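Enquirer: Coordinates for the following, if possible.
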Amino acid sequence: MVTCYDASFASVISRTDVDCLLVGDSLGMVVQGHSSTLPVTMDEIIYHTKAVKRGAPGKYLIADLPFLSYQTSLIDGIQSAGRLLKETNADAVKLEGADKESITLVKRLVEIGIPVMGHLGLTPQSYQTLGGYKVQGKDPESAEKMLKDSLALQDAGAFGIVLEMIPETLGQEISQNISIPTIGIGAGRYTDGQVLVIYDLLGINPDFTPKFLKKYADLGNLILTSLNSYHKEVVDKNFPGENNVF
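Expert: The predicted structure is shown next:
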């Protein structure tokens, strides 16, 4: 799985073997420049999901329910998830956590025909109560709770779970004890799949180097060099050239 936010990248991904796309509320940090995902609105998620769907109409598409679009009430959660699918033609929604209200919402959404992916471990919408962007589930009590939460999500009807920033042993234990797919990001080698942000795996931001990330390209420096070459050619009157004029 790859996290993507626009039609241009989505159209490239549509020609690859990547299985599915996620429009994450991480767009608040990656695209908008915020320090967290909390400012992202439902309208913004819908806007970006529409763009990705146009770029990759044949890929399975999951969209995040943003902060406070579902935590306030069961009705709000149903309306938000329904609106997200109706207006974007996405295939599923993703929500964070597994408290009693979230489990009830997952069950109800599945009952009315809305596929739901869960998200456990580091849940960015709750980063302030988790003590920041830190590895979760390191002690036996929190690890046991996360395993129970994954089973609860499965029982509620979630079709898969993203596991973010947890010890590899816990990622393996959860994956072995539930029958639905697990998608890891910083959750080790034994989850059923992996997810990375397209900008991150292509190395567009040279300063973003978390341990869980492998950069498959160095586009940040390539873009920098390209822009400086463009600038120099314009200043030196080498662009536009003979082949670029009408």
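Enquirer: can we go C-alpha only for contacts and neighbour counts from here?
Expert: Noted.
Enquirer: count of neighbours near the closest residue to Pro124 other than its chain neighbours?
Expert: If you skip the residues right next to it in sequence, Pro124 has Thr37 as its closest partner in space, 6.7 Å away by C-alpha to C-alpha, 6 or more residues apart in numbering. Thr37 has 22 neighbours, counted by other C-alpha atoms under 10 Å.
Enquirer: mind starting the numbering at 168 from now?
Expert: Let's use 168 as the start, then, which means that last one is Thr204.
Enquirer: Centroid-nearest residue for the protein?
Expert: Gly191 (3.6 Å; C-alpha atoms, centre = their mean).
Enquirer: ranges for the strands of this structure?
Expert: 169-170, 187-190, 227-231, 259-261, 283-288, 327-331, 349-352, 360-361, 363-364 (DSSP state E).
Enquirer: what's the burial count for Ile350?
Expert: Close neighbours of Ile350, defined as other C-alpha under 10 Å, add up to 24.
Enquirer: what's the pLDDT at it?
Expert: Predicted confidence (pLDDT) for Ile350: 98.
Enquirer: give the contact list for it.
Expert: Met168, Gly327, Ile328, Val329, Leu330, Thr358, Asp359, Gly360, Gln361, Val362 (C-alpha atoms under 8 Å, 6 or more residues apart in numbering).
Enquirer: rewinding a little: is the residue nearest to the centre of the chain in contact with Thr170, as I believe?
Expert: Yes. In this structure, Gly191 is within contact of Thr170 by C-alpha atoms under 8 Å, at 6.3 Å.
Enquirer: who's in contact with Arg275?
Expert: Ile245.
Enquirer: Could you check how far it is from Asp266?
Expert: Going from Arg275 to Asp266 by C-alpha to C-alpha, to the nearest Å gives 14 Å.
Enquirer: Show me which of the contacts of Ile350 are buried.
Expert: Buried subset of these (neighbour count, 16 or more other C-alpha atoms under 10 Å): Met168, Gly327, Ile328, Val329, Leu330, Thr358, Asp359, Gln361, Val362.
Enquirer: Take those residues and write them to JSON lines, including pLDDT and distance to Glu254.
Expert: JSON lines is the format used below for these (pLDDT from 0 to 100; distance: C-alpha to C-alpha, whole Å):
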{"residue": "Met168", "pLDDT": "98", "distance to Glu254": "22"}
{"residue": "Gly327", "pLDDT": "98", "distance to Glu254": "23"}
{"residue": "Ile328", "pLDDT": "98", "distance to Glu254": "24"}
{"residue": "Val329", "pLDDT": "98", "distance to Glu254": "24"}
{"residue": "Leu330", "pLDDT": "98", "distance to Glu254": "27"}
{"residue": "Thr358", "pLDDT": "98", "distance to Glu254": "32"}
{"residue": "Asp359", "pLDDT": "98", "distance to Glu254": "30"}
{"residue": "Gln361", "pLDDT": "98", "distance to Glu254": "27"}
{"residue": "Val362", "pLDDT": "98", "distance to Glu254": "25"}
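Enquirer: Looking at the residues you listed, which is nearest Thr296?
Expert: Using C-alpha to C-alpha, Leu330 comes nearest to Thr296 of the buried ones among the contacts of Ile350, at 17.8 Å.
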